[in-house]
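J.: please find the sequence and the predicted model below.
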Amino acid sequence: MSSDPSDSASPTADPDTFDVIVLGGGPAGENAAQYAIAGSDRTAALVEHELVGGECSYWACMPSKALLRPTQVLATATHMPGVQQHVTADHVDTPAVLARRDTFTSDHDDSSQVLWADAAGIDVIRGHGSLTGIRTVTVDGDHPRTLHARHAVVLATGTLATVPDLPGLRAALPWTSRDATNLRQIPRRVLLIGGGVVACETATWLRQLGAHEITVVVRGPRLLAQAESFASDAVAARMHARDVQVRFGTEVRSVARPDARDTGIGMIHGGPITVELTDGSTLEVDELVVAAGRRPTTDGLGLDSVGLATDGVVPVDDHLTVTGVDGTWLYAVGDVNGRAALTHMGKYQARVCGDVIAARAEDRPLGGSRYRASADHGQVPQVIFTAPEIASVGHTAASARDAGFDVEVLESDIDVAGAALHRDDFTGHAALVVDRATDVLLGATFVGAEVAELVHAATIAVVGKVPLDLLWHAVPAYPTISEVWLRLLETRHR
C-alpha cells in the first residue's frame, strides 16, 4: 500500500472517507470506480446528481440507437424481394418504436445500475459533488456531506449541450439532444441547427417517425465536417432523396415563439416558431432542435479550489492524471477531458485510469502500455448511425496530411457479393489511409448500409500497425461485405 499518511486509516473507520471518489455516474465514472478497486479491499464512492448510468444510458447513445435501428431494419426490408411485398408502410410504427426505446432507458429508472454498483462494492451517493480542496469533495443535496479520498478523485462529469445566445433562441425553449432522443411528440415541421452527428442522426429518425418538413441549417459547406468528404456527401445525398432540406452556409439570425412554455422533455414547447435565417428567408416550424455542440460540465465543480481554470476541458496526461495540480491524486476521464468525446473512449480511458489508481495505491510501477491511454491519439473508432452509416477509425486523408504524414489513399466502392446479398441496391464506398513511410494504416472509413461491424477489423489494423503486405493474407470470408478489404488492397496492383 502507499506510504502516504492519509492511507493509514481503516477503510471502515469513517463513512465519509473512501479510497476513490468519482464525480459523475456515467459509463466512464462507473468503469473508473470498478477498475480502481477490483480485486482489493479498497472502497469507492460514485457521486451522481441525476441518474446512475449517465447521459449515454438515458439521453444519448442508448435511446438514439433504439430510435435508429427500426429505420435500418425497415430500409433493408423494403430493398429485399420476398420481404418488401409484405411491408405495408413506408414508415415505422412510432408508438412501438418509442415504447421499445423506453425499455432501453428503463423509463429513467436507475435501480438496476445502482444494484450493479452495490454488487461491485461501490457506494452511490446522490447529489452534486464539487472539489473543496486536495482529495476533498463536498456533496450537496438532501443530506450534504464532505467526503475525503485516500488515493484519488476522478472527474467524470461529461458535457452539456450548448444553446447559442442568439436573439430569441433560448427564450423559445428549443429542444436539445435530450429532448430529441426522448421525444414524446413528433413535430410535423422541424428545424435543426447544426451539421454534426447529433443533427444528422436526429434528422434520420425524425423523418422515419413521421416528421413531414425537416430543415437542417449548417454554418459550413458540408455535413459531418470531420468525416471523409465522400461520407458526408453520401449522407447529404440521402437526406435530399428523403426530402430533408439542408441549407449550407446558413445560420439562424433570430427566433420568436410568443407562447413558449416548458411542457416536459421531448414535448413540443408551445406554438409555432418563426425563424429568420441569414440567407434572408423566414421559416415557421413546430419545433427547433439545437445541435450546435457541447461543452465540458465543469460548472460548480470547484476546480478553482485546486488551482485549475473553471471553464474549458480539464487537461490530463496519458495516465489520465490532471495536469497543473500538485501530486497524482486527481484524474479526469471521458468527455470532460476533451480527448475523445465518445462513450467507448470514455470507458477505455476509465479502464486505464482505474488501473493507474490501483497501481499507485499498491506502490506498483506504471510499466506496460495498459497504464497509458494511447488510443486517443489517432486511433479512435466511431460509427455514425445515419442513412447510410459511416464507420471510421483513425485519420482521414485530410487530418493525416495536416499531421504531417505523406499518405496514399486506397479507395473502392463496396461492390462485392456480400453487399448485393445483404440488400438490393446496396451502395457504399470505402477508403484506407496509408502512411507511405511505414506502409501501415493510419485510418479507414466505410460508408453504406450497416457497415458498423467493419470498423473493428480496421481498428485492429491501425492499433496493431499491421503492414499492408501482411493484411493481404487476412482473407475476408465469402460472401460478406468484409470482402471490400480485398478490393481495397487490390487497388495497389491494378
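T.: Yep, that arrived.

J.: not counting sequence-adjacent ones, nearest residue to Phe385?
T.: Here the nearest residue to Phe385 in space, its sequence neighbours aside, is Leu68; by CB to CB, 6 or more residues apart in numbering that works out to 4.7 Å. Placement of C-beta: from N, CA and C, glycine included.

J.: that's a helix at that neighbour, yeah?
T.: Yes - under the criterion used here (DSSP: H, G, I helix; E, B strand; the rest coil), Leu68 sits inside a helix.

J.: ok, it touching Leu206?
T.: No - no contact is recorded between Leu68 and Leu206 when judged using CB atoms under 8 Å, the distance being 10.8 Å.

J.: now do the same contact list for Gly158.
T.: Residues in contact with Gly158, defined by CB atoms under 8 Å, 6 or more residues apart in numbering, are 24, 26, 28, 54-55, 296-297, 334-336.

J.: can I get those in a markdown table with neighbour count, secondary structure and pLDDT?
T.: Listed next are the contacts of Gly158 as a markdown table, based on neighbours: other CB atoms under 10 Å; DSSP: H, G, I helix; E, B strand; the rest coil; pLDDT from 0 to 100:
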| residue | neighbour count | secondary structure | pLDDT |
| --- | --- | --- | --- |
| Gly24 | 31 | coil | 98 |
| Gly26 | 31 | coil | 97 |
| Ala28 | 33 | helix | 98 |
| Gly54 | 28 | helix | 96 |
| Glu55 | 27 | helix | 96 |
| Pro296 | 22 | strand | 97 |
| Thr297 | 19 | coil | 97 |
| Gly334 | 37 | helix | 97 |
| Asp335 | 29 | helix | 97 |
| Val336 | 25 | helix | 98 |
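
J.: those: which two are farthest apart?
T.: Of all pairs drawn from these, the one with the longest distance (CB to CB) is Gly54 and Pro296, at 14.3 Å.

J.: for the spatially most central residue of the chain, grab phi and psi.
T.: The centre of the chain sits closest to Leu342, judged by CA atoms, centre = their mean, with a distance of 3.4 Å. The phi and psi values for Leu342, taken as degrees, to the nearest 10, are phi -140, psi 140.

J.: doesn't Ala234 lie inside a helix?
T.: Yes - secondary structure of Ala234, determined by three-state DSSP: located in a helix.

J.: the closest residue to it other than its chain neighbours: how many residues sit nearby?
T.: Spatial nearest neighbour of Ala234, excluding adjacent residues (CB to CB, 6+ apart): Val447 at 5.0 Å. Residues lying near Val447 (other CB atoms under 10 Å) number 27.

J.: which parts of the stretch 1-150 of the chain are helices?
T.: In the stretch 1-150 of the chain, helices defined by DSSP state H, counting those that start in this stretch lie at 27-37, 54-58, 61-77, 94-104, 111-119, listed in chain order.

J.: could I get the ones you listed as JSON lines with distance to Asp179?
T.: Supplementary listing: the helices of the stretch 1-150 of the chain in JSON lines, determined by distance: least, CB to CB, whole Å:
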{"stretch": "helix 27-37", "distance to Asp179": "22"}
{"stretch": "helix 54-58", "distance to Asp179": "13"}
{"stretch": "helix 61-77", "distance to Asp179": "11"}
{"stretch": "helix 94-104", "distance to Asp179": "13"}
{"stretch": "helix 111-119", "distance to Asp179": "22"}
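
J.: nearest to Thr274, out of these?
T.: With CB to CB as the measure, helix 94-104 is the member of the helices of the stretch 1-150 of the chain nearest Thr274 (26.9 Å).

J.: which residues are contacting the closest one?
T.: Contacting residues not belonging to helix 94-104 are listed as 62-63, 66-67, 70, 181, 183-184, 186, 209-210 [CB under 8 Å, 6+ apart].

J.: other residues contacting stretch 68-75?
T.: Outside stretch 68-75, the residues that touch it by CB under 8 Å, 6+ apart are 87, 91-92, 97, 100, 201, 204-205, 208, 385, 387, 389, 423, 449-450.

J.: just the ones of these in strands?
T.: Judged by DSSP state E, the subset of the contacts of stretch 68-75 located in strands is Glu389.

J.: who wins for neighbours among the contacts of stretch 68-75?
T.: Each of the contacts of stretch 68-75 was scored by neighbours using other CB under 10 Å; the highest score is Trp205's, at 28 neighbours.

J.: next, the contact list for it, please.
T.: By CB under 8 Å, 6+ apart, the contact list for Trp205 reads 64, 67-68, 71.

J.: so which of those residues comes closest to Thr328?
T.: Ser64 (36.4 Å).

J.: where does the residue nearest to the centre of the chain land on pLDDT?
T.: With respect to pLDDT, Leu342 has a value of 96.

J.: hmm, Gln382 and it touching each other?
T.: Yes - under the contact definition of CB under 8 Å, Leu342 touches Gln382, with a separation of 6.0 Å.

J.: what is the burial count for the closest residue to Phe405 other than its chain neighbours?
T.: By the measure of CB to CB, 6+ apart, the closest residue to Phe405 outside its immediate chain neighbours is Asp435, 5.4 Å from it. The local packing count at Asp435 equals 18, with neighbours defined by other CB under 10 Å.

J.: beta partners for Asp435?
T.: Note on Asp435: beta-bridge partners by DSSP bridges are Val407, Val440.

J.: residues contacting it?
T.: Asp435 is in contact with 400, 405-407, 441-442, counting by CB under 8 Å, 6+ apart.

J.: same check on Leu46?
T.: Contact criterion CB under 8 Å, 6+ apart gives 22, 25, 29-30, 33, 52, 117, 122-125 as the residues in contact with Leu46.
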